[in-house]
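Enquirer: Got a predicted structure plus its sequence, pasted below:
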Amino acid sequence: MVDFIRPNLLGSTKDFTNRFINPITNGQYSDSTALDVRLMKRRSHVLHRMLEGFVQRFDYSVLTPFLPPKHEYVIYLRMADIQIELYQKFLDDYRQPELFSNYHMLQMVWTHPKLLALYLKRAESKREKQKLKAEESRLLNDESNDTDCNSIGIIPILSMKLKSYRSIKIL
C-alpha cells in the first residue's frame, strides 16, 4: 500500500525487512534484551513518523456524514420439502466439529439443492481420480495395501438422497 502511494519510500523488501521488520520482531519476545526492546521502540517510532503524513487510521465515523443511510431488508423464505429433508439428513447422520465445512454444505442445501448436486458430482469425480491415482501408484510400486478413498462421510449419503429425488424428477 505504501509503495503504491510513495514508491521506494521504505526501500526494497530486503531493506525494509532488515531495517524495520527484524528489529521490531526481535524486541517483542519476553526474553528480548533491553537493547532489542530499545531498538524495537526506536524503529517503530521511526516507521510511524515516516508513514504519519499519508497512512491514516480512522474509523468509519469519518465517512458517515458523506454516505447515504444504510437500509437493510430481511426476507424470510420457507425451505422446500427436499431442502428440509436434506438438511435433516445432514444433521442426523453427519455431525463433526468442522464448523466451516458444515456451514458450506448446509449453505448449499438452503440456497438450492442443485448446488449440492453439482458439488457432490465434483466430489465424486475428484474421489474417482484419487482412487485411480492410488491404484496406479499401488500398481507402479507393487504394493498390496489398498487405500480407501470412499470414506468421505456425508458425501455418499447425501448423494444417494439426491439421486432418489432425481429419479422422481424433483431436481
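Expert: Now that the structure is in, tell me what you want to look at.

Enquirer: Helices of the protein, start to end?
Expert: Listed in chain order, the helices of the chain (DSSP state H) span 2-5, 13-16, 22-26, 34-51, 81-93, 99-111, 113-141, 154-167.

Enquirer: rank those by mean pLDDT and give me the bottom one.
Expert: Note on the helices of the chain: lowest mean pLDDT is at helix 154-167, with a mean of 70.

Enquirer: who wins for proximity to E72 among the helices of the chain?
Expert: E72 sits nearest to helix 99-111 of all the helices of the chain, at 19.7 Å, using Cβ to Cβ. Glycine gets a C-beta too; all of them are placed from N, C-alpha and C.

Enquirer: What helices and strands are in contact with that closest one?
Expert: Counting contacts by 3 or more Cβ pairs under 8 Å, 6 or more residues apart in numbering; DSSP states H and E, helix 99-111 packs against helix 81-93, helix 113-141.

Enquirer: contact partners of it?
Expert: By Cβ atoms under 8 Å, 6 or more residues apart in numbering, the residues outside helix 99-111 that reach it are M79, Q83, L86, Y87, F90, Y94, Q96, L115, L116, Y119, I154, L158.

Enquirer: ok, 7 Å please
Expert: Here helix 99-111 makes contact (Cβ atoms under 7 Å, 6 or more residues apart in numbering) with M79, Q83, L86, Y87, F90, Q96, L115, L116, Y119, I154.

Enquirer: Pick out the most distant pair among the residues you listed.
Expert: Maximum pairwise distance in those, criterion Cβ to Cβ, is 22.1 Å, between M79 and Q96.

Enquirer: With neighbour numbers in mind, choose between the two.
Expert: M79 (13 against 9; other Cβ atoms under 10 Å).
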